[in-house]
Each structure stands twice: as C-alpha cells, then as structure tokens.
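Colleague: Based on what follows, work out the 3D shape:
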Amino acid sequence: MQKIFPFVLFLIISTFIQGQKIEPLKPLPTKSQLDWAELEFYLFVHFGPNTFTNLEWGHGTEKAEIFNPEKLDCRQWCRIAKECGAKGVIITAKHHDGFCLFPSKFSNHTVAQSKWKDGKGDVLRDLRNACNEYELKMGLYLSPWDGNHPKYGTNEYNKVFVDMMNEVIENYGPLFEFWWDGANGEGPSGKKQVYDFALFERTIREVSPSTIVFSDIGPDVRWVGNESGIAGDPNWNLLDTAGFERGALAPSTDTLNHGNKYGKNWIQGECDVSIRPGWFYHKEENEKVKTSEQLFRLYLKSVGRGANLLLNVPPDDNGLFTMYDSTSLIGLKKLVDENFKTSLLDYNSTVSVSNKADVAMLTDKNLLTYVSLDKRFTQDYIQVKFKKPTSINCIVLQEPIQMGQRVSSFSIEIENADGSILEIKKHTIGRKRIITFPAKTASVIKIKVTDAKATPLVSTVDVFKIDDSLIEQD
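Modeller: Take a look at the predicted model:
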C-alpha cells in the first residue's frame, strides 16, 4: 500500500485542475503499466544453441553440449546496457528449440547437459546477479514452443510450461516483463501444441502480479506488428482483443501497429528490433550492425511515438557483446544526451496558454501534472514566444496517460522570423511524442489540439534543436 497510496492520492488530486473536475477517460493503465512505460528503452538478448550453429530458429535436435560460451560475462552485458541508457535486459531463457539457459527441473535439454562449466552453469543466475549489481530490470522470454520436449504436443505439456514459469519466477525474480512469442510449430512427435494461454495468464497473475506480460495481444503490452522498431502514427495505447488469439489468429499487423482508437483494453506498444539483420549472433553480420545514427532514428520512431524500444543485442559464441555492437550502443547514448540536453525553453522564451492555465505544469518535468485546454480546445492553444528568432527542428509533447489517452490529432504552427507560417499536422500524442522537421527560425510556436476523445490534457511541452543530419521525414 505504501507504493500505491501516493499515486492514487495524486490521481484524485490531479482531477481538479483550474477549478474544473477532469474525469479520467477509460480504459486506464495500471500502476505496473505506468511504471513500464517510464522505462522507455531496454535490451533484448537472444542467446542459446543458435549462437553456435549459426541458425535463427533451431530444430530442437541440437546436442546440448554445443552450448559452451567459454568467456560468458553477464556483467559485461549489463555494464554496456547501463552505459547506453537501457533500463533493463530481457533474455531468451528458452527459445523455440527448447534449450533452457537455466538448469530446469522440467527439461533434459538445458545448461546442465552442456559442456559449459561442466554442466554447473546458470546463465539466468549470472544475469540476475549482474542486473542487481548494475541496478537494471530483468525480464525473460520463455517460448511456449519447444522443439525438444517429449511432452510437447500433448495436454501434459501445458503443465510443464506452467511449472517452468513458476520455476523461473521463483528463482530469478522479480521480473519486470515476461515475453511470449506467438510462434507455434511441431515438436519431436511431429505435433503442434494447443497452448492454454488462459492458464498461463492466471499463473503469472497469481505468482507475479506486477510483471508486465507481452504478446501480440497483451494482456499488458502488445507487439507493434513489425520487427523494424517502428510504432504506428497514430499510435493508440488501446486494443480490442475479443475474438483474437496469439499467433496466426492475432489482429492484423496494421491494427497492432496503430492500436484501436476506441479499444476496450489498455495495451501499449513495444517495438522490438535487432541491432543486426538477425536475432542471434552471426559472425558474417559484424559489419552490418546498425549505426548509432540509425538507432537514434529508431528511438524517434518508437519512444518518440509513445511506445517502448526493445533493442536486441546478441552475444557472440564467447558469451560477450562484440565491439561492433557496443560501439553503436554507446554512440546512441551520446546522441540522445547531446541532442536532448539543452531545452530551448530554459532561456529566451515565454510559454503561455490561451486559457490562462498554470504553464509551470508544462515545464516541471512531472507527468502527473498537466494543463487542460477545456472543452473549447479548438480555440485554446499553447504558445511559445521566443525573445529573439531561434532555430528549432524538434518539439516534444506528452499526455498524462494516467488520465487516459485523449488527443486524436493536433497541429503545430511555427511563425518564422520573416512572418511566414509552417503548419505541421499530426495524430496522437500518448506518453511521449517527438516531432521533428527541417530546421526553422521561429519567433512563435502555437500548439493546438484539433480533435480529442475528451477534454485534452497536456503534461509536457519542450523544444530542441537537434543535429540536422538525424532528421528524417516524420
């Protein structure tokens, strides 16, 4: 109760702004979903037998002894994760081949049967310790598909999978996110499994209620319909799931990319993408690692569109992040820090709201405070007036999503020093919206909400001048 009470109290207080009662617009995020959204960026780690066989999807017939990362160092992973600004690490505890990176009591295809550390090793334990040391969150990918387990394809396997979930949660928790891939293929018997996801969900909720669960239909976080790291525009945090299932019967990729404007469930988007062409390490891809600049542009199109960024960085067959990957990661942090270091609102400007709202709520860096544009939002606007013409090419807006996602569309009018006006029209805001455009020498900026599902609320406005070479057409 100590963690929940301040949030609930503030939520009650914050519904009374400017003498006006603002009702939350359902559906609303849970406290766990709000905490998850604050993470913004974390790493994915694909690691296992595929690292040694040069495959992307293993068959389950690979011998366990092939797994032997002689220089494995999870502290190196976490040190680099921390240095690049990531807030956590999600690892493939079991991929589709069924090999477990932990000594599971419910499988005979694990690190305990490998050569690594004479069968005494435990990758998840090493990672748990390293995450604790570097103050990072830890999450797990546990594939329901198992190409090795003899019970896969039978009703008994669902119990095996539940036992494994309980095992990893008990031994390696707390876990901030649990990842379910929708893939479903044949096992050793040649049969596919009928997954009991209702049972899986009940299990997670009972044993780890604060853990966020990912799949293409949630229940907490959804796949954005591509593996390119790009959220939709618009991007609604809402999704209708009735009548859909995970995998082949999921909503269309277009729906997953954009969400549903009037969706009945709060299910935010997560953008998964690999730093390399493949998800597992392949030596021939060392020269194909995405550059820091490419990663920065993905940041703009994921976090900058109200989603979280899950960036895959696969260790090599020694069990280490390579210099190619780590160089790009550290460069990403440098670009984010440098380009968002200096707010152009910190000096040389005056911020105001046409309805005389308290503008301090727009610049206090607190997502729990906000201004209301009232029901006359088509007339109201937020204005930034510069004391002298200032070059800008980036505007950041945020909604207080604890009050629901409200804004359907907005416009930005930029008055140039010569008196000409550039109008930029955009869709949703959500938790964070980063709008980039070719640099303009601005005297005045007016931000107007042009359509909303309820009284529009804005919690943050900020203006930057970022490196022109990083700008793409948004």
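Colleague: domain ranges for the protein?
Modeller: As assigned by automatic domain parsing, the chain contains the domains 31-339, 342-470.
Colleague: If you average pLDDT over each of those, which is lowest?
Modeller: Least confidently modelled of the domains of the chain is domain 342-470, at a mean of 93 by mean pLDDT.
Colleague: Of all the domains of the chain, which one comes closest to Pro24?
Modeller: domain 342-470 (5.0 Å; CB to CB). Any C-beta I mention is one placed from the backbone N, CA and C, and that applies to glycine too.
Colleague: Next, the distance between the ends of that closest one.
Modeller: Length of domain 342-470, first residue to last, CA to CA, to the nearest Å: 16 Å.
Colleague: Equivalent analysis for stretch 184-197, please.
Modeller: Start-to-end, stretch 184-197 (CA to CA) is 13 Å.
Colleague: what does that stretch rub up against?
Modeller: With contacts defined as CB atoms under 8 Å, 6 or more residues apart in numbering, stretch 184-197 is touched by 60, 96, 144-150, 152-155, 157-158, 161, 180, 215, 245-248.
Colleague: So what does the residue sitting nearest the centre point of the chain have for phi and psi?
Modeller: Taking CA atoms, centre = their mean as the criterion, Asn308 is the residue nearest the geometric centre of the chain, at 2.2 Å. Per-residue torsions, Asn308: phi -100, psi 150 (degrees, to the nearest 10).
Colleague: Tally up the residues packed near Asn348, please.
Modeller: Neighbour count for Asn348, taken as other CB atoms under 10 Å: 12.
Colleague: what do you get for the one 3 residues further on?
Modeller: Val351 is surrounded by 17 other residues when neighbours are defined as other CB under 10 Å.
Colleague: what's the answer for Leu175, then?
Modeller: Leu175: 22 neighbours (other CB under 10 Å).
Colleague: these two touch, right, it and Ile169?
Modeller: Yes: at 6.3 Å, Leu175 counts as touching Ile169 under the criterion of CB atoms under 8 Å.
Colleague: Can you check which residues contact both of those two?
Modeller: Jointly contacting Leu175 and Ile169 under the rule CB under 8 Å, 6+ apart are Ser208, Thr211.
Colleague: Inside strands: which ones of the contacts of stretch 184-197?
Modeller: Among the contacts of stretch 184-197, the subset assigned to strands under DSSP state E consists of Ser215.
Colleague: where does His234 land in three-state SS?
Modeller: Slight slip there: residue 234 is Pro, not His. Of the three states, Pro234 takes coil under DSSP: H, G, I helix; E, B strand; the rest coil.
Colleague: which residues does it contact?
Modeller: If you count contacts by CB under 8 Å, 6+ apart, then Pro234 has His258, Gly259, Lys261, Ser408, Ser409, His427, Thr428 around it.
Colleague: Contact partners for the nearest residue to it once chain neighbours are set aside?
Modeller: Leaving aside its sequence neighbours, Pro234 sits nearest to His427 (CB to CB, 6 or more residues apart in numbering; 3.4 Å). Each residue near His427 by CB under 8 Å, 6+ apart is listed here: Asp233, Pro234, Asn235, Ser408, Ser409.
Colleague: what about whichever strand or helix holds Leu335, distance to the chain center?
Modeller: Assigned by DSSP states H and E, Leu335 belongs to helix 323-339. Distance of helix 323-339 from the chain centroid (CA atoms, centre = their mean, to the nearest Å) equals 18 Å.
Colleague: buried set for stretch 385-395?
Modeller: By neighbour count with 16 or more other CB atoms under 10 Å, stretch 385-395 contains the buried residues Phe386, Pro389, Thr390, Ile392, Asn393, Cys394, Ile395.
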